[in-house]
Every structure is written in C-alpha cells, then in structure tokens.
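# Could you work out the structure for the sequence below:
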Amino acid sequence: MPELSGSRVLVTGATGFLGRRLVERLVVQGGAEVRILARTLARARALARFPIEVTVGDLRDATAVERAVQGCDVVFNCAKGLGADPKARRAVDVDGVRHVLRAGGHEGVERIVHVSTVAVLDVPRSGEYDERTPFSNSREPYVAGKREGHRVALAAAHEGLPVTIVQPTVVYGPGAGVYGRDVIDELGSSLMPLVDGGRGVCNAVYVDDVVSG
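Sure, this is the predicted structure:
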C-alpha cells in the first residue's frame, strides 16, 4: 500500500469487518492519513488506537457524506445495510452509494472504490463467470440492495467518474461475523446440515487478501 502514503483517505463502513481491517492496514502499512465516517464515536472505539480522524455522520445523510469526503484523495465505500427493514438497508446500499459518488465527483477525488459482492451476479452452473455474467434476480434484501448499488456505481463509472468496483466472495478472517463466529456459534448450539453431503465448493477469500486487492 505504499502508493497511498501521505494520501488523505476516507473509509465508510470502517466499523465493519472488512472496513476495520482496511483502516488498520492503511495506517500501519500504507502511511495514509485516514478519515472514517461513523454514526457515533462509540462505534469507532475499536479503531481508537490508531491515529485516524473520525467524522460523525450517517451515510444516508448527503450533507454528512459531503463533509466527510471534503479534502480526500481516495474514498473506500465498505458500508452495507444491516437489519430486517429492507428500506433501511436500501438507504445505505443504494442511496448511500449515490451520496458517496456525488460527493466524490464534486470534490474531484482521484479514486472511489466501491465494495460490492459477487452475490449480485447470477452464478452459472459451470461456476465460471466474469463481468459479462448477468445480474441475479434474487429479491433477498442483501442481494437486491447491493445489486442496485452496484448498478449505480457502474453507471457512474461509465459516465467518467473514477470508480473501481470490487466483488469479494466469502470473506473470512479474525473478527468475521457471518463467515466466522456466527458459524462457530451455530455449530455449538444446533445441528448444521451439510447440503449435498458437504461436497459443495465455497469460494472463500481471506480478509487481508481482499484488502491487498
């Protein structure tokens, strides 16, 4: 990450699994001046040991995003909607993406990296796919929101905004929830079925490899 040394970098979703690790490495290995956007100071406590700037605000608030992006060279959008309310999730996964892209365009940032997911694609039976693979039609809230946000970022890139979209698969590592402690907790408290006898393939990727990419 030496190419980001001295750069002012904003990370949204920095209190989450992937965003937190990205911040750690940007500071320790990248020598970047890191700013994060967090809804409260308490949510940023896990990163308090690092010399970062915390801007308190919500990704769903366009004004707060504009303020956070101001003066930054690079923006990493690692945020994702959470909870059972599809509208609340969409406000982060779609509207939040728009806010980041608009603010980045206004500020003339050098690069916006948007974290999408491979789940937005309709994975073919062969298991081989690329950027030409059609989008999934799933209505599952996570997939639906990330798919729409992906399309928003893709459209911005086609219009000339310096946007890079990354699509991780199953990200695991220290601090992982869904693909970490949640699985362990479930194994300890209930029976976990092995679909098709456990012969399926899991496209797992270590969190540090995603950050390096």
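
# State the distance from residue 179 to residue 202.
The spacing between residue 179 and residue 202, counted by C-beta to C-beta, to the nearest Å, is 9 Å. C-beta: built from backbone N, CA, C; applies to glycine.

# where exactly do the helices run in the chain?
Counting by DSSP state H, the chain has helices at residues 17-28, 62-69, 86-90, 96-107, 141-158, 182-189, 207-212.

# Show me which positions of stretch 42-54 end up buried.
The neighbour-count check on stretch 42-54 (16 or more other C-beta atoms under 10 Å) flags 44, 47, 52, 54 as buried.

# Check stretch 134-142 too.
Within stretch 134-142, the residues that qualify as buried are 136, 141-142, counting by 16+ other C-beta under 10 Å.

# pLDDT weak spots in this protein?
Segments of the chain classed as low confidence (criterion: pLDDT under 70) are 1, 127.

# Nearest residue to the middle of it?
What sits nearest the mean C-alpha location of the chain, by C-alpha atoms, centre = their mean, is residue 78, with 2.4 Å.

# right, and it touches residue 115 too?
Yes. In terms of C-beta atoms under 8 Å, residue 78 counts as a neighbour of residue 115; the distance is 4.9 Å.

# can you list residues touching both of the two?
Residues touching both residue 78 and residue 115 by C-beta atoms under 8 Å, 6 or more residues apart in numbering: 13, 18.
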